[in-house]
Structure formats: C-alpha cells, structure tokens
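>>> Sequence plus the predicted model coming up.
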Amino acid sequence: MLKPALPAVAIVIFAGAASLPGGQAALPEGPGRTILQSACASCHSLDVVTEKRWSNQRWRDSVNAMIGRGATLDKDQARELVAYLETHFGNQRAQGLFEDICSSCHALERVAKRSLSRAQWGTFIKGMISEGNPVNDEEFGILLDYLAEHYGEKDQVETNQ
C-alpha cells in the first residue's frame, strides 16, 4: 500500500503540473509513476528527475539517498520507483555504446571477464581513447557507469533491493 508523502490535494496539484506546458515534462504511464509524483515531487520539480538518464545503480543510489534524507518509501515502493525510473529515464544507450565501441576492437567476452573498480574502468577507457577510440565526454561517462555497474568489482557490487 502506498504511503503518501504529501496530502492528496498536493499530489493532485503535482500530477496536474506534470502534464502542463512550461517546464514540467509529462510523466509516462506505468507502475511507479504515482510514487514518483508523491515522493520525489514533494521536494523536486519533476524535470530534475526527467532530465536525467541514469543507470539502475545510480537511480538506486539516488533513491536510497533520498530515503536517508526523509523520503517515506518502503523497500517495495523504492524497488518499484527505481524500476520505473530505469525504464523511462534510464540510460538505454549504455549497452549499445558498450557493444558498438568495445566490440570494434575486442570480443565482448574479453571485457566481461574483467572485474575492475570504477577508477580502474576509467583508466581503461582513457587508454582505449588514447588508442584512437572515438569516445566523447558524454559517452565516456555513460560507458564508465555501465562498466562499473555490470563489470565492477564483484565484492563491491551493492544490492540495496
């Protein structure tokens, strides 16, 4: 059962604002939308969320940080919210970049065998850029997030769910 973080009237106001022109993006339908409207919009404008394109891990970290700051979500609500955020505001480009860029020189299985820290992946990617791999700053961040989340050090992978 959803524990509203705002009175019902405020939720209606935020929900209406989400579909109005003038800076507020309409939220896609789906499980988690109501949680986003009530829990996140109580402190943030919706575009603070909708302008981001984060990995699942980064969304989880952010939701957990907000819970630490007082957002009233139980574990099931947090899990549903993270799934919604990843589905609609996730970084779908990450796997495509990984497959396209890394596989231009390496078998993906070779990369998948590595288990590096975030800093080590950053150094590794910079090495590939120095070899001539065409990766811009945005793509660097996307690849770093993806590799750290999917091929990071196994003992440091956090499971907050």
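Sure thing, it's come through.
>>> where in the chain is pLDDT low?
The model of the chain has pLDDT under 70 over residues 1-25, 154-161.
>>> per the record, what domains does it have?
The chain is divided into the following domains under automatic domain parsing: 8-89, 93-156.
>>> Deepest in the core, which of those is it.
domain 8-89 (a mean of 16; mean count of other CB atoms under 10 Å). For every residue, glycine as well, the C-beta is placed using N, CA and C.
>>> This structure: helices as residue ranges?
8-18, 33-35, 46-50, 56-68, 75-89, 93-97, 108-112, 118-130, 137-151 (DSSP state H).
>>> Turn those into TSV, columns for distance to A26.
As requested, the helices of the chain are exported to TSV (distance: least, CB to CB, whole Å):
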stretch	distance to A26
helix 8-18	6
helix 33-35	10
helix 46-50	9
helix 56-68	20
helix 75-89	11
helix 93-97	22
helix 108-112	37
helix 118-130	34
helix 137-151	25
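>>> Run through the bridge partners of the spatially most central residue of the chain.
Closest to where the C-alpha atoms of the chain average out (CA atoms, centre = their mean) is W54, at 2.8 Å. Counting by DSSP bridges, W54 is bridged to G90.
>>> residues in contact with it?
S62, L85, E86, F89, G90, N91, D145 (CB atoms under 8 Å, 6 or more residues apart in numbering).
>>> got a markdown table for those residues, with distance to A107 too?
Listed next are the contacts of W54 as a markdown table, based on distance: CB to CB, whole Å:
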| residue | distance to A107 |
| --- | --- |
| S62 | 34 |
| L85 | 32 |
| E86 | 27 |
| F89 | 32 |
| G90 | 26 |
| N91 | 23 |
| D145 | 22 |
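>>> Which single one of these is nearest to R118?
Taking CB to CB as the measure, R118 lies nearest D145 of those, at 8.7 Å.
>>> residues in contact with L116?
Here L116 is in contact with F124, L147, A148, Y151, G152, E153 (CB under 8 Å, 6+ apart).
>>> scratch that, V63 is what I was asking about
A71, L73, A78, L81, V82, L85.
>>> hang on, isn't the fifth one packed against R60?
The reference is to V82. Yes - using CB atoms under 8 Å, V82 makes contact with R60 at a distance of 5.2 Å.
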